[in-house]
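Colleague: Need coordinates for the following:
(2 chains)
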Amino acid sequence: MDVLKGTYRLKVGLAEMLKGGVIMDVTTPEQAKIAENAGAVAVMALERVPADIRKEGGVARMADPAIVEAIMDAVTIPVMAKVRIGHFAEAQILEELGVDFIDESEVLTPADEEHHIDKHAFKVPFVCGARDLGEALRRIGEGAAMIRTKGEAGTGNVVEAVRHMRKIMGQIRRLTVLPEEELMTEAKKLGAPFELVKWVAEHGKLPVPNFAAGGIATPADAALMMQLGAESVFVGSGIFKSSDPDRMAKAIVEAVAYYDNPKILARISKGLGQAMKGVDVTKLPEEELLQTRGW
Amino acid sequence: MIIGILSIQGDFIEHKKALDSIGVDNIFVKYAEDLQNIDGLIIPGGESTTISRLAKKWGLFEGIKKFSRPIMGTCAGAILMAREVLNEFDEKEDTPFGLIDMVVKRNAFGRQIESFETTLNFNGKSFTGVFIRAPRILKLGEGVETLITYENSPVMVKQGNRIALTFHPELSPDAILIHEYFVSLIK
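Modeller: Residues are numbered from 1 along each chain as shown, chains lettered A, B, ... in the order given. Coordinates of the predicted model:
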């Protein structure tokens, strides 16, 4: 009997299992346990959360494998980790460690300004950020099994994630009403593979799960992204930069599950303490934006 | 006939698509009262720790424990149906729904890179079994019958009108015979 591993169906399948859930950034085994206990569907193992990467500057690289392993040993839910855009050697190392998902992430300093990783070459699934449909379909063409909005990580400001999600969903809706003969021109404009453009036009959705990330800091933010069409939510700095991470984590998990029920959202949003401070994205100088990394 | 699909987390939409493809009416179950009007319940794949926590918090837990009509659990759903659950570190986990007399171990085949597809057989037909960070059924109680095995261990079992599967029929179109079988338990 044939046994197949690392197939695209298995990669996208794991992404499907994470739908309706929250993926939380953690930097220690203790934080990972808090996240798991709060109901996170997965954790992202990091050395520093994006808010600290932003503050400290310098080159941000893949986390120390020892940290990633310690987190893998602490929890039973899937563990993700980030690699620099284009840095396939970092990805080879994380695959060898056995992480469950790799995020080729603009939060780290890009290693290649022209090429992203050939994700088909790996058995482990990848998630990539996108600001519009063209970018999402280019990443899927390279083998990404999950797309997330880029947003603007480490800001605690949801405005960019909203912009990116609205853009992607709007472009998807547009494709569904175009006549067949206009799809090639549209593929050219989007800079996206034609076959994927056709697939999206036919199905009205991305061929892989579409999650929200980058600036989500409260249960209301999470509910907003879900109502805009996200299938799950990544919360980076928003949990462990808040004054009561355990309560904030639980509340965001519940907000994602019951995103369309204002009664429940009102109840879980009460008395959560201070959300992360956050920054006004319009005050950020162009060179400090993370979302413009990658293409 | 209406089948409910527990939809607090996981791949419930894939189950909806599977049921839609064979023309079976279905609704999402997110609140305890949704259990009143359904003839069968599917507990989907997802993260069992997340589903269990939310089910407890929002009042679905007791309702599902008492649900007397047919239930099908896939992967995380099967874990939630077990009488006893061990995690990958062999530690006992707390309180699943306890609907089938079996002991299940989570993530028993390893991490995601060990996830696999293989051919399974049911009622003389073969189809693709998709196993994602799959659990393994370690022990079965007396009233539990094995319907499908893989490498000599059960991957689909039945107790009364309840079935539990460690794979994902909702992720492969040729596995629709599993949904059809579940529907036949309701009729």
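
Colleague: from here on, contacts and neighbour counts on C-alpha atoms
Modeller: Will do.

Colleague: Quick one: residues contacting the residue nearest the centre of chain B.
Modeller: The centroid of chain B falls nearest to B:G73 when counting by C-alpha atoms, centre = their mean (1.5 Å). Listed by C-alpha atoms under 8 Å, 6 or more residues apart in numbering or on different chains, the contact set of B:G73 reads B:42-45, B:79-81, B:163-165.

Colleague: Which helix or strand contains it?
Modeller: Assigned by DSSP states H and E, B:G73 belongs to strand B:71-74.

Colleague: Give the pairing partners of that strand; include direction for each.
Modeller: strand B:40-43 (parallel), strand B:162-165 (parallel) (DSSP bridges).

Colleague: export those strands to a markdown table and tack on mean neighbour count?
Modeller: Putting those into a markdown table (neighbours: other C-alpha atoms under 10 Å in any protein chain shown) gives the following:
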| stretch | mean neighbour count |
| --- | --- |
| strand B:40-43 | 27 |
| strand B:162-165 | 27 |
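
Colleague: Identify whichever of the ones you listed lies nearest to A:T7.
Modeller: Among those, the nearest to A:T7 by C-alpha to C-alpha is strand B:162-165 (20.8 Å).

Colleague: just the contacts of B:G73 now: which is nearest B:T119?
Modeller: B:L165 (14.5 Å).

Colleague: ok, and the closest non-adjacent residue to the closest one?
Modeller: The spatial neighbour of B:L165 that comes closest, neighbours along the chain excluded (C-alpha to C-alpha, 6 or more residues apart in numbering or on different chains), is B:M156 at 4.3 Å.

Colleague: circling back to that earlier point, kindly present the strands paired with strand B:71-74 as a markdown table, with separate columns for mean pLDDT.
Modeller: Formatted as a markdown table, those follow (pLDDT from 0 to 100):
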| stretch | mean pLDDT |
| --- | --- |
| strand B:40-43 | 98 |
| strand B:162-165 | 98 |
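
Colleague: ok so, going back, host element of the residue nearest to B:L165?
Modeller: Taking DSSP H and E as the criterion, B:M156 maps to strand B:153-159.

Colleague: in that strand, what's buried?
Modeller: Across strand B:153-159, burial judged by 16 or more other C-alpha atoms under 10 Å in any protein chain shown covers B:154-159.

Colleague: for the stretch 51-200 of chain A, what spans make up the strands?
Modeller: Here the stretch 51-200 of chain A has its strands, by DSSP state E, counting those that start in this stretch, at A:79-84, A:101-105, A:126-130, A:146-149.

Colleague: give me every residue that touches B:D94.
Modeller: B:V85.

Colleague: what number of residues lie near whichever residue of the stretch 151-295 of chain A sits closest to chain B?
Modeller: The nearest approach of the stretch 151-295 of chain A to chain B comes at A:A257, 5.4 Å away (C-alpha to the nearest C-alpha). As a burial measure, A:A257 scores 25 neighbours (other C-alpha atoms under 10 Å in any protein chain shown).

Colleague: my guess is it meets A:G21, correct?
Modeller: Yes: at 6.9 Å, A:A257 counts as touching A:G21 under the criterion of C-alpha atoms under 8 Å.

Colleague: Please enumerate the shared neighbours of these two.
Modeller: With C-alpha under 8 Å, 6+ apart as the test, A:A257 and A:G21 both reach B:Q9.

Colleague: Poorly predicted segments of the chain, please.
Modeller: No chain was given, so I picked chain A. A:1 (pLDDT under 70).

Colleague: sorry, should have said chain B
Modeller: B:95.

Colleague: Go again with 90.
Modeller: Low-confidence segments of chain B (pLDDT under 90): B:57-59, B:88-90, B:93-96, B:187.

Colleague: on that earlier part again, check contacts around the residue of the stretch 151-295 of chain A closest to chain B.
Modeller: A:20-21, B:8-9.

Colleague: Any residues of the stretch 151-295 of chain A in contact with chain B? List them.
Modeller: A:254, A:257-258 (C-alpha under 8 Å from any C-alpha of the partner chain).

Colleague: What is the burial count for A:K33?
Modeller: Neighbours around A:K33, by other C-alpha under 10 Å: 19.
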